[in-house]
Every structure is written in C-alpha cells, then in structure tokens.
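S.K.: Have a look; sequence and predicted model below, questions after that.
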Amino acid sequence: MEAAKLPMSIIIVGVGQAEFDAMVELDGDDIRVSSRGKLAERDIVQFVPFRDYIDRTGNHVLSMARLAKDVLAEIPDQFISYMKTRSIKPNPAPPPYTPTGLGVHTQI
C-alpha cells in the first residue's frame with residue numbers, strides 16, 4: 001500500500017504452472033488493491049504469467065518481444081498517474097541545439 005505512493009512500478013512474471021490468482025488480484029487492473037479498508041493510491045503492479053508467452057512454434061524471439069511489450073505496457077500510465085497526483089508538470093522543452101560558431105548564414 002505504501003509503495004503506491006512512491007515513484008515506482010513493480011513487474012511480476014509468474015513462472016511455472018501454479019495458479020496465479022493472488023498475483024492477478026495484486027495487479028489491480030480490474031479492482032484497486034486495498035488493505036485494511038484503505039485503497040492503494042494507484043496501480044503500480046503489472047503481472048503476466050510467463051506461460052502465456054511461450055510460442056508453440058519455437059519462435060523464442062517473438063515470445064520474448066511480446067512478453068517485454070506487455071510487461072512494460074503499463075509503466076508510462078503509472079508514471080503519468082504518479083506525476084498527476086502530485087501536480088508535477090514537465091519542464092518546458094529546451095531550445096533547439098545550435099552548435100557555436102555555426103551561425104545562420106544567408107546568401108544574397
């Protein structure tokens with residue numbers, strides 16, 4: 001519960017044939033995690049069962065790419081949610097880089 005107040009994300013990959021019902025609940029995609037009557041401030045857990053990513057054709061590169069895509073999918077939204085709850089706004093973009101000594105030249 002306290003971790004949901006911190007700028008962090010937790011990724012859990014379930015390995016093996018076990019039942020992962022508790023991990024799915026901890027993931028909090030459908031229902032916000034709560035403890036002792038208090039709701040977690042935000043969803044910071046991403047859980048995926050590894051067995052769902054085993055490619056039956058033997059293409060392990062494709063399997064790992066899909067796994068990586070799905071475990072990392074929620075992190076941007078988790079980060080934005082943390083920043084919004086604290087009213088932290090991004091700094092303005094810096095001006096474009098111009099190398100010194102290479103000023104803009106015009107031809108006449």
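M.R.: Structure received.
S.K.: and Arg51, helix, strand or coil?
M.R.: helix (DSSP: H, G, I helix; E, B strand; the rest coil).
S.K.: Which residue is the nearest non-sequential neighbour of it?
M.R.: In space, and not counting its chain neighbours, Arg51 is closest to Gln17: 6.9 Å by CB to CB, 6 or more residues apart in numbering. Just so you know, the C-beta spots here come from the backbone N, C-alpha and C atoms, and that holds for glycine as well.
S.K.: pretty sure that neighbour is touching Pro49, no?
M.R.: No - counting by CB atoms under 8 Å, Gln17 stays clear of Pro49, with 9.4 Å between them.
S.K.: More neighbours: these two, which one.
M.R.: For the pair Gln17 and Pro49, the greater number of neighbours falls to Pro49 (18 against 8), based on other CB atoms under 10 Å.
S.K.: can you tell me how far Ala18 sits from Ser81?
M.R.: Noted for Ala18: a distance of 30 Å to Ser81, by CB to CB, to the nearest Å.
S.K.: Tell me if Ala68 really is in a helix.
M.R.: Yes - counting by three-state DSSP, Ala68 is located in a helix.
S.K.: Tell me how many other residues surround it.
M.R.: Neighbours around Ala68, by other CB under 10 Å: 11.
S.K.: So, low pLDDT: which residues of this structure?
M.R.: 27-30, 101-108 (pLDDT under 70).
S.K.: need the helices for this structure, in chain order.
M.R.: 21-27, 60-72, 75-85 (DSSP state H).
S.K.: list the helices and strands the shortest one packs on?
M.R.: Contacts defined by 3 or more CB pairs under 8 Å, 6 or more residues apart in numbering; DSSP states H and E place helix 21-27 against strand 10-14, strand 45-49.
S.K.: Can I get it as PDB, trimmed to CA atoms?
M.R.: What follows is helix 21-27, C-alpha atoms only, in PDB (Å, rounded to 0.1, in the frame of the first residue of the first chain):
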ATOM      1  CA  ASP A  21      -5.000 -15.800  -8.800                       C
ATOM      2  CA  ALA A  22      -3.400 -13.800  -6.000                       C
ATOM      3  CA  MET A  23      -1.000 -12.100  -8.400                       C
ATOM      4  CA  VAL A  24      -3.800 -11.200 -10.800                       C
ATOM      5  CA  GLU A  25      -5.600  -9.600  -7.900                       C
ATOM      6  CA  LEU A  26      -2.400  -7.800  -6.900                       C
ATOM      7  CA  ASP A  27      -2.100  -6.500 -10.400                       C
END
